[in-house]
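> just a sequence and a predicted model for now, questions to come.
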Amino acid sequence: MNRIKRVNKPYFIFLLWNVLMVFVVHGLTFHHEPGKGVSGNGNPGVLVLFPSLLTFVILCIWTVSLSKWWLYDQRQYRGGKVYIMVLLFAILLCVLSVFLELQMIENLRIQLHGFTNDPDSAVYRFGWLNQYTNTLFYNLPILLFGLSFSTLIGCLMERRVHSSNQ
């Protein structure tokens with residue numbers, strides 16, 4: 001249990017860093033206003049997007065490891081009830097985050113009047129990664145999905161280890 005306590009503070013700092021990066025990507029993504037536009041010559045959000053995705057992957061791997069060890073400790077002290085609750089909560093958050101991401105995609109499609117293959121769209125012929133769509137690739141629903149899915153993987157890994165030890 002000491003190992004978990006030692007890792008928590010750096011983990012939460014890294015988690016806060018990832019939340020901050022979501023807001024930075026959002027802040028550097030242009031929001032389309034009808035009748036106005038940008039030249040298409042620059043995408044400042046992409047400068048932050050790729051490092052953000054890298055730290056996101058690291059956070060997800062770290063979450064798998066922490067959740068596996070935390071659940072192992074909980075099973076030793078409290079039994080399987082915590083495992084079931086965490087598993088169900090992780091599944092619920094995965095479903096919720098997918099729903100939120102689909103809503104975000106639909107809202108952006110409406111705002112841009114279509115996507116890259118629609119001639120009436122603000123991003124017609126821009127490509128999927130452009131100054132208006134950076135938030136499709138890294139946002140709070142994606143962060144939530146990554147964390148909940150990583151917790152789910154940690155649960156399954158702990159369950160596999162627990163089953164093989166019996």
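That came through fine. Numbers count the residues shown, from 1 in each chain.
> grab the longest helix from the chain for me.
Looking across the chain with DSSP state H, the single longest helix is helix 45-78.
> tell me how far F50 lies from L112.
F50 is 22 Å from L112, where distance means Cβ to Cβ, to the nearest Å. For every residue, glycine as well, the C-beta is placed using N, CA and C.
> go on, M85?
40 Å.
> quick one: the strands in this protein?
Counting by DSSP state E, the chain has no strands to list.
> show me the shaky parts of it.
Where the chain drops to pLDDT under 70, the residues are 1-7, 34-42, 161-166.
> if you set the cut-off to 50 instead, what comes out?
The chain contains residues with pLDDT under 50 at 1-2, 4.
> and the residue nearest the centre of it?
Geometric centre of the chain, nearest residue: L143, 1.8 Å, by Cα atoms, centre = their mean.
> was I right about it contacting N18?
Yes: L143 is within contact range of N18, at 6.1 Å (criterion: Cβ atoms under 8 Å).
> identify the contacts common to the two.
In terms of Cβ atoms under 8 Å, 6 or more residues apart in numbering, L143 and N18 are both contacted by the residues F56.
> which residues touch the nearest residue to S67 once chain neighbours are set aside?
Nearest residue to S67 in three dimensions, chain neighbours excluded: G154, at 3.1 Å (Cβ to Cβ, 6 or more residues apart in numbering). Residues counted as contacts of G154 (Cβ under 8 Å, 6+ apart) are 63-68, 70-71.
> just send those residues back as a markdown table, with distance to Q103 too.
Below are these laid out as a markdown table (distance: Cβ to Cβ, whole Å):
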| residue | distance to Q103 |
| --- | --- |
| T63 | 24 |
| V64 | 27 |
| S65 | 31 |
| L66 | 29 |
| S67 | 27 |
| K68 | 31 |
| W70 | 31 |
| L71 | 31 |
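> just give me the closest of those to L28.
Ranked by distance to L28 (Cβ to Cβ), the contacts of G154 are led by T63 at 25.6 Å.
> next, count neighbours for the closest residue to the closest one other than its chain neighbours.
Residue nearest to T63 in three dimensions, not counting chain neighbours: S150, with 3.8 Å by Cβ to Cβ, 6+ apart. Using other Cβ atoms under 10 Å, S150 has 21 neighbouring residues.
> with L96 instead?
14.
> that one and L144 touch, don't they?
Yes: here L96 lies in contact with L144, judged by Cβ under 8 Å, at a distance of 7.4 Å.
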